[in-house]
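okay, structure incoming, though there's no sequence with it:
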């Protein structure tokens, strides 16, 4: 559930530049514009969180058969800590379940404690580590692999 005053809309190919800019502001392992274009062209679940006309967040997941992968969640640094990331995460998980996914996986930098806390409090558990997964300016960092089982949307099965 999102906070009052914010809206979700599907991202389009024209949003790739603003999504990449937002990602660069928020994380040392930002995606390139081409990464965002690739997800938008692949018809992944790509969403923008809007406050009026301003993009303050984005989220991308993909679904293959009954597995969802959370690929990217970004919140503008000035807006972090207000529950917006949780709202985007809940939306992606609901969309994944509605589209037949039974499980969701993600990777997160092991130093990204706020994100790890969000994922743990949202029912994810750590199932592995990808050593030296993220390239940083001053070296590499491990990724924690996390997993969450999704509820079956009963209305879809009737």
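Perfect, I can see it now. Keep in mind that what you see is a predicted model, and the values were worked out from it rather than measured.

number of nearby residues for residue 31?
Counted by other Cβ atoms under 10 Å, the residues lying close to residue 31 total 21. No exception for glycine: its C-beta is placed from N, CA and C like everyone else's.

next, the contact list for it, please.
For residue 31, the contact set (Cβ atoms under 8 Å, 6 or more residues apart in numbering) comprises 19-20, 23, 72.

spatially nearest residue to residue 150, not counting backbone neighbours?
Of all residues not flanking residue 150 in the chain, residue 97 sits nearest, at 4.6 Å (Cβ to Cβ, 6 or more residues apart in numbering).

same deal with residue 101?
residue 68 (3.9 Å).

hang on, residue 49 in a strand?
Yes - counting by DSSP: H, G, I helix; E, B strand; the rest coil, one finds residue 49 located in a strand.

contacting residues for it?
Residues in contact with residue 49 (Cβ under 8 Å, 6+ apart) are 2, 6-8, 55-59, 75, 84, 87-88.

which among these count as buried?
Among the contacts of residue 49, those classed as buried by 16 or more other Cβ atoms under 10 Å are 2, 6, 55-59, 75, 84, 87-88.

next, work out how far apart residue 120 and residue 78 are.
To residue 78, residue 120 is 25 Å away according to Cβ to Cβ, to the nearest Å.
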